[in-house]
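**Q** sequence? don't have it. structure:
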């Protein structure tokens, strides 16, 4: 769901871990295309 994606994105941003942020960004873009 959209809320889940936003939550994951916020969590990754808060963690400030480039690898995790990039992984979440890839998941979000993949979900957005689906």
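**A** Received, thanks. Only a predicted model underlies this, so the values are computations on that prediction, with no experimental measurement involved.
**Q** so where's the longest helix in this protein?
**A** helix 18-33 (DSSP state H).
**Q** elements contacting it?
**A** The elements that helix 18-33 packs onto, with contact taken as 3 or more Cβ pairs under 8 Å, 6 or more residues apart in numbering; DSSP states H and E, are helix 2-15. (Each C-beta comes from the backbone N, C-alpha and C, glycine too.)
**Q** residues in contact with the helix it packs on?
**A** 20-21, 23-25, 27-28, 31 (Cβ atoms under 8 Å, 6 or more residues apart in numbering).
**Q** Mark which of the residues you listed are buried, thanks.
**A** 21, 24, 28 (16 or more other Cβ atoms under 10 Å).
**Q** could I get those residues as a markdown table with distance to residue 11 and pLDDT?
**A** Shown next, in a markdown table, are these (distance: Cβ to Cβ, whole Å; pLDDT from 0 to 100):
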| residue | distance to residue 11 | pLDDT |
| --- | --- | --- |
| 21 | 10 | 78 |
| 24 | 8 | 85 |
| 28 | 12 | 90 |
